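> Please find the sequence and the predicted model below.
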Amino acid sequence: MPRYEMLNNIAHRDLRVATGFGPEYGDAVGMVPAYPSEFAELQREYPIFLRKDTATGEWQSVVLLGFEQHENLFLQDGRWNASYLPGAAAKGPFLIGFQEHQVDGAFTQDAVLHVDLDHPRVKAMQGEPVFLPQGGNTPYLDHIAGVLRGIHDGHAFGADMYAMFDAKGLIQPLALDVQIDPQHRIGVNGLHAIDRDRLALLDGPALAELNRAGYLEGAYLMLASLHNMRRLIAEKQRRLRMHDAAVAAGGH
């Protein structure tokens with residue numbers, strides 16, 4: 001279970017965060033949340049899909065990292081093989097919480113950083129320092145704060161954007177069923193994508209509405225991102241070949 005505390009430079013002055021990658025840090029996952037604020041970066045390397053939260057009924061965007069629950073095909077030898085790291089992975093043990101206080105009789109909420117002290121990146125007791133010796137933020141913490149701002153801003157924007165996509169009939173279920181090689185067929189359930197044909201059939205006022213809201217670009221970025229499925233499939237094929245070769249070598 002996470003153990004979150006509000007971050008401060010006294011109680012956490014010696015805090016360090018491991019910044020390597022691997023299953024030991026929780027990186028062996030098949031998908032992670034994605035946010036519209038990072039779609040332009042994500043679409044260059046990752047396929048972006050939508051999933052419906054079964055608890056809330058709301059749409060959420062995700063990037064696909066692998067074809068199984070604990071398969072991240074971007075992980076290799078302690079590295080994440082991409083030029084851009086999704087914010088959900090980059091934030092590590094941190095999140096934004098809200099602190100309520102009263103100003104002139106009115107209650108307001110301020111966004112404050114929290115850290116999960118039971119996160120494996122923290123429990124490693126090594127890595128990047130969070131605070132400078134004199135108490136100021138390190139460049140690493142400033143970077144994390146920027147990542148969290150993007151997530152915070154993108155979350156609310158995305159909820160409204162996907163609701164409009166849904167209202168205009170632009171979200172379609174996707175049957176992701178791929179024949180990797182003659183012996184391996186893979187599928188991922190519950191994914192949805194933007195319907196390219198329905199988007200093309202929208203009339204001028206509907207397109208203008210999407211564009212004014214800033215949502216039209218998101219739809220096209222999601223569509224463009226689907227070309228990255230080729231990369232994932234090629235990497236899956238490469239790893240299967242390596243596995244089969246290792247098994248064959250062991251048999252001899």
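Yes, it's here.
> Could I get the full set of helices for the stretch 51-200 of the chain?
Along the stretch 51-200 of the chain, counting by DSSP state H, counting those that start in this stretch, helices occupy 87-90, 120-123, 139-167, 196-201.
> and residue 154, how many residues sit next to it?
Around residue 154 sit 20 other residues, with neighbours defined as other CB atoms under 10 Å. (Each C-beta comes from the backbone N, C-alpha and C, glycine too.)
> ok, for it, nearest residue in space, not its chain neighbours?
Closest residue in space to residue 154, ignoring its immediate chain neighbours: residue 35 at 2.9 Å, by CB to CB, 6 or more residues apart in numbering.
> follow-up on the earlier one: quick check: which of the helices of the stretch 51-200 of the chain is nearest to residue 177?
Across the helices of the stretch 51-200 of the chain, residue 177 has its closest neighbour in helix 196-201 (18.9 Å, CB to CB).
> Please tell me the pLDDT value assigned to the residue nearest to residue 179 when sequence neighbours are not counted.
By the measure of CB to CB, 6+ apart, the closest residue to residue 179 outside its immediate chain neighbours is residue 185, 5.1 Å from it. Per-residue pLDDT puts residue 185 at 83.
> Report the contact partners of the residue nearest to residue 154.
Residues near residue 35 by CB atoms under 8 Å, 6 or more residues apart in numbering: 61, 87, 88, 150, 151, 153, 154, 155, 157, 158.
> what about the chain, any weak spots by pLDDT?
100-105, 107-109, 251-252 (pLDDT under 70).
> make it 80
The chain contains residues with pLDDT under 80 at 98-111, 179-184, 248, 250-252.
> what helix or strand does residue 21 sit in?
Using DSSP states H and E, residue 21 falls within no helix or strand.
> Equivalent analysis for residue 224, please.
Using DSSP H and E, residue 224 sits within helix 216-225.
> can you map out the strands along the protein?
4-6, 16-17, 31-33, 48-52, 59-64, 75-76, 79-80, 94-103, 106-116, 128-129, 171-173, 176-181, 184-188, 192-194 (DSSP state E).
> Dump those strands to JSON lines, plus distance to residue 42 and mean neighbour count.
Below are the strands of the chain laid out as JSON lines (distance: least, CB to CB, whole Å; neighbours: other CB atoms under 10 Å):
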{"stretch": "strand 4-6", "distance to residue 42": "26", "mean neighbour count": "14"}
{"stretch": "strand 16-17", "distance to residue 42": "23", "mean neighbour count": "20"}
{"stretch": "strand 31-33", "distance to residue 42": "10", "mean neighbour count": "19"}
{"stretch": "strand 48-52", "distance to residue 42": "6", "mean neighbour count": "21"}
{"stretch": "strand 59-64", "distance to residue 42": "6", "mean neighbour count": "21"}
{"stretch": "strand 75-76", "distance to residue 42": "17", "mean neighbour count": "16"}
{"stretch": "strand 79-80", "distance to residue 42": "13", "mean neighbour count": "15"}
{"stretch": "strand 94-103", "distance to residue 42": "20", "mean neighbour count": "12"}
{"stretch": "strand 106-116", "distance to residue 42": "23", "mean neighbour count": "14"}
{"stretch": "strand 128-129", "distance to residue 42": "24", "mean neighbour count": "16"}
{"stretch": "strand 171-173", "distance to residue 42": "18", "mean neighbour count": "15"}
{"stretch": "strand 176-181", "distance to residue 42": "18", "mean neighbour count": "13"}
{"stretch": "strand 184-188", "distance to residue 42": "17", "mean neighbour count": "13"}
{"stretch": "strand 192-194", "distance to residue 42": "14", "mean neighbour count": "20"}
